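Q: Okay, predicted coordinates and the sequence, questions at the end:
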Amino acid sequence: MSKTKKVSTVLPERIERRIYLIRGQKVLLSSDLALLYEVEPRILIQAVKRNIDRFPEDFMFQLTIDEAQILKSQFVISSWGGARSTPYAFTEQGVAMLSSVLRSKRAVQVNIEIMRAFVRLRELLASQIELNERLEALELRVSDQFSIVFEMIDKLSEHPKKPDRRIGFTLEPAT
C-alpha cells in the first residue's frame, strides 16, 4: 500500500475530530496541525513566522489565555503539551496557505485531506440546515392542522346557552 493511500485512509477521522469552532470560525490548532504534519509545533510556528505576511488575522490568530484555558478545561489535560504560549488557530484559508510554507510530501497530502474535511463539514452543516428548515415547515403545517382540531374541541366543550324562550307545553298562570 502506498504512503498516499495510507495517509488518506487514516486522516479524515483524525482531522474532523480536531476542527474546533473558536471566535465563530472553524479552525485547526497549531499543535494538532503539527501532529498531522508530523513536525514539532515549534517548527510549524517558526515556518509561519518566517512567512507571517501570508497569514493575516482571518487566516490565523493566536488564542487568548482565556480561550486556551477553556480549551484545556474541555480536555482536562492540555492538548498541546506543556507549551508556554497559547496555540495558534488556523482557518481553512490559513491551512491552505500552510501548503506554500511547508513543502514536504506529507504536508501536501495532509492539506488535501484537511481541505476534504472542511468540505465534508460544510456539506454536513448544509444538510443539517436543510433538515431544520424542512422540520420547521412540517411543524407549521401540523401546528395549523392541530389548531383547527383544538378550535373544534373548544367549540364542542363549550356549554350551550339556555334559550331565551321556553320550548314545549307551558301552563299559563291563572289570572
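A: Right, received. Where do you want to start?

Q: by contact count, what packs against the helix or strand hosting residue 149?
A: Element membership for residue 149 (DSSP states H and E) is helix 105-157. Judged by 3 or more Cβ pairs under 8 Å, 6 or more residues apart in numbering; DSSP states H and E, helix 105-157 is in contact with helix 3-16, strand 25-29, helix 30-37, helix 92-101. Backbone N, C-alpha and C define where each C-beta goes, glycine included.

Q: redo that, cut-off 6 Å
A: helix 3-16, helix 30-37, helix 92-101 (3 or more Cβ pairs under 6 Å, 6 or more residues apart in numbering; DSSP states H and E).

Q: now the second one, how far from the chain's geometric center?
A: Spelled out, it's helix 30-37. 21 Å (Cα atoms, centre = their mean, to the nearest Å).

Q: Would you mind giving the orientation angle of that helix with respect to helix 105-157?
A: Here helix 30-37 runs at an angle of 120 degrees relative to helix 105-157 (axes from the mean of the first three to the mean of the last three Cα atoms, to 10 degrees).

Q: which residues are in contact with the following helix or strand past helix 30-37?
A: Sequence-wise, the next helix or strand downstream of helix 30-37 (DSSP H and E) is helix 41-50. Identification of contacts with helix 41-50 by Cβ atoms under 6 Å, 6 or more residues apart in numbering yields 30-31, 34, 55, 101-102.
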